[in-house]
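Novice: One predicted model, sequence on top.
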Amino acid sequence: MSGGLVALLDDVALIARLAAASVDDIGAAAGRAGVKAIGVVVDDTAVTPRYVTGFTPQRELPVIWRIARGSLRNKVVFILPAALLISQFVPWAMAPLLMLGGAYLCFEGAEKIYEAFAGHAHTPRDDAEKLGTAVHEQQMIAGAVRTDFILSAEIMAISLAEVAGEPFFSRALILLVVALAITALVYGLVALIVKADDLGLKLASSRSPMLQTLGRGLVKGMPGVLSVLGVVGIVAMLWVGGHIILDGLAQFGLAGPAHALHDLALGIGHAVPFAQHFLEWLTETLGSALAGLLIGGVIVLALHARAGRSSASGGH
């Protein structure tokens, strides 16, 4: 009897060790997958604050929380199951679906630039000051979650590619860990950015002269930081959208644009060896953003031309 109990305990211990090893393996794989997607994570962090600025301080964190919940729902409820099923049964469909999302990002970025040059640009801050209603808040959150969906799909696709060789259920667990960790990281950073001026006010009223100086610096500097992030967010949408489309074209045999940009980046990097990697990254980023601007510009002009024709026909 005692021998059977000892054997059972040995089996339980073995199962526990195997489970712990599996957890460690999943954690390590999730870490590797998340690192691969870090560029899009930065973009997501830059894009989101533009949907939050302009609300009253009391509404900022609740709005961020609602966007974060929408982002997690995007990843876990929609993107993760779809990505797993597509990669398992119709892997060829992943690229065109991502390209459609990339085209939407290109349109979003190009539309903001078009509005700025057309002289009727408006910002989330302007809208919030004019409206400030629950309906408007919901509209801003819906816009943020919609944009997040494309960025989240890119993050999950990059992560999935990194663990494509894992068994199906391991892939599912790894992607779930990535979804939870990256959502917490992105929206934790967004909350810090958006609430930095409130922190500055508290520091400015402290007794320490050093903390007072830091607090005043935060209060004065954050409007400029948020303005810069607004521009970075637009560029990020164009960069990610352009990159998705160039990469998708390459997968379908139209690799010329992607190869030309890659060769240009290598040439510029080799010309300045001490900054080679940075210049290669910068060239590919700006090239992808330019491609995104061209693609998005075509969509914007086509939509505005169609709207103009509709207005003209309606007037007659």
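Specialist: Looks like it came in fine.
Novice: So which bits of the helix or strand Gly70 falls within are buried?
Specialist: Under the criterion of DSSP states H and E, Gly70 resides in helix 57-73. The neighbour-count check on helix 57-73 (16 or more other CB atoms under 10 Å) flags 59-60, 63-64, 66-68, 70-73 as buried. In short, each C-beta sits where N, CA and C put it, glycine included.
Novice: Also stretch 160-175?
Specialist: 160, 162-163, 166, 171-175.
Novice: From Thr183, how far off is Arg69?
Specialist: For Arg69, the distance to Thr183 equals 9 Å [CB to CB, to the nearest Å].
Novice: I misspoke; the intended subject was Gly292.
Specialist: 24 Å.
Novice: And those two? Which one has more around it.
Specialist: Gly292 (30 against 24; other CB atoms under 10 Å).
Novice: Which residue, neighbours along the chain excluded, lies closest to that one?
Specialist: Leaving out its chain neighbours, the residue that sits closest to Gly292 by CB to CB, 6 or more residues apart in numbering is Gly242, at 3.0 Å.
Novice: Now do the SS call for that neighbour.
Specialist: helix (DSSP: H, G, I helix; E, B strand; the rest coil).
Novice: Equivalent analysis for the one 3 residues further on, please.
Specialist: In three-state terms, and counting by three-state DSSP, Ile245 is helix.
Novice: Hmm, it is touching Ile295, no?
Specialist: Yes: taking contacts as CB atoms under 8 Å, Ile245 lies within contact range of Ile295: 6.1 Å.
Novice: Quick check: next helix or strand after the helix holding Gly70?
Specialist: Once the chain leaves helix 57-73, the next helix or strand it forms, by DSSP H and E, is helix 80-89.
Novice: List the buried residues of that following helix.
Specialist: 80, 83-84, 86-87.
Novice: Can I get those residues in CSV including distance to Tyr187 and pLDDT?
Specialist: Formatted as CSV, those follow (distance: CB to CB, whole Å; pLDDT from 0 to 100):
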residue, distance to Tyr187, pLDDT
Leu80, 18, 91
Ala83, 21, 87
Leu84, 24, 88
Ile86, 26, 87
Ser87, 26, 83
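Novice: Can you tell me which of these lies closest to Leu211?
Specialist: Leu80 (43.3 Å; CB to CB).
Novice: what sits against that closest one?
Specialist: Residues near Leu80 by CB atoms under 8 Å, 6 or more residues apart in numbering: 156, 172, 175-176, 179.
Novice: Quickly note the distance from the residue nearest to Gly292 to Ala289.
Specialist: Using CB to CB, Gly242 is found at 6 Å from Ala289.
Novice: Compare the two and say which is more crowded by neighbours.
Specialist: Gly242 (29 against 22).
Novice: Now do Ala20, the pLDDT please.
Specialist: We have a pLDDT of 41 for Ala20.
Novice: Phi and psi next, for Val90.
Specialist: Backbone geometry at Val90, expressed as degrees, to the nearest 10, gives phi -130, psi 70.
Novice: how far away is it from Ile174?
Specialist: Per CB to CB, Val90 is found 21 Å from Ile174.
Novice: packing partners for the strand or helix carrying Leu294?
Specialist: Using DSSP H and E, Leu294 sits in helix 276-315. Counting contacts by 3 or more CB pairs under 8 Å, 6 or more residues apart in numbering; DSSP states H and E, helix 276-315 is packed against helix 94-118, helix 209-251, helix 256-271.
Novice: got the angle for the first one vs helix 209-251?
Specialist: Using axes from the mean of the first three to the mean of the last three CA atoms, to 10 degrees, the inter-axis angle of helix 94-118 relative to helix 209-251 is 120 degrees.
Novice: Kindly report the same for the shortest one.
Specialist: For helix 256-271 and helix 209-251, the angle between their directions (the same axes, to 10 degrees) works out to 130 degrees.
Novice: what about this protein, any weak spots by pLDDT?
Specialist: 1-44, 46, 53-54, 119-132, 311-316 (pLDDT under 70).
Novice: number of nearby residues for the closest residue to Leu189 other than its chain neighbours?
Specialist: In space, Leu189 comes closest to Thr45 once its chain neighbours are excluded; the distance is 5.0 Å by CB to CB, 6+ apart. Neighbours of Thr45 under the rule other CB under 10 Å: 22.
Novice: wait, what's in contact with Thr45?
Specialist: Contacts of Thr45 by CB under 8 Å, 6+ apart are 186, 189-190, 193.
Novice: Now neighbour count, distance to Val272 and secondary structure too, for the residues you listed, in a markdown table please.
Specialist: As requested, the contacts of Thr45 are exported to a markdown table (neighbours: other CB atoms under 10 Å; distance: CB to CB, whole Å; DSSP: H, G, I helix; E, B strand; the rest coil):
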| residue | neighbour count | distance to Val272 | secondary structure |
| --- | --- | --- | --- |
| Val186 | 26 | 32 | helix |
| Leu189 | 17 | 31 | helix |
| Val190 | 24 | 34 | helix |
| Ile193 | 20 | 32 | helix |
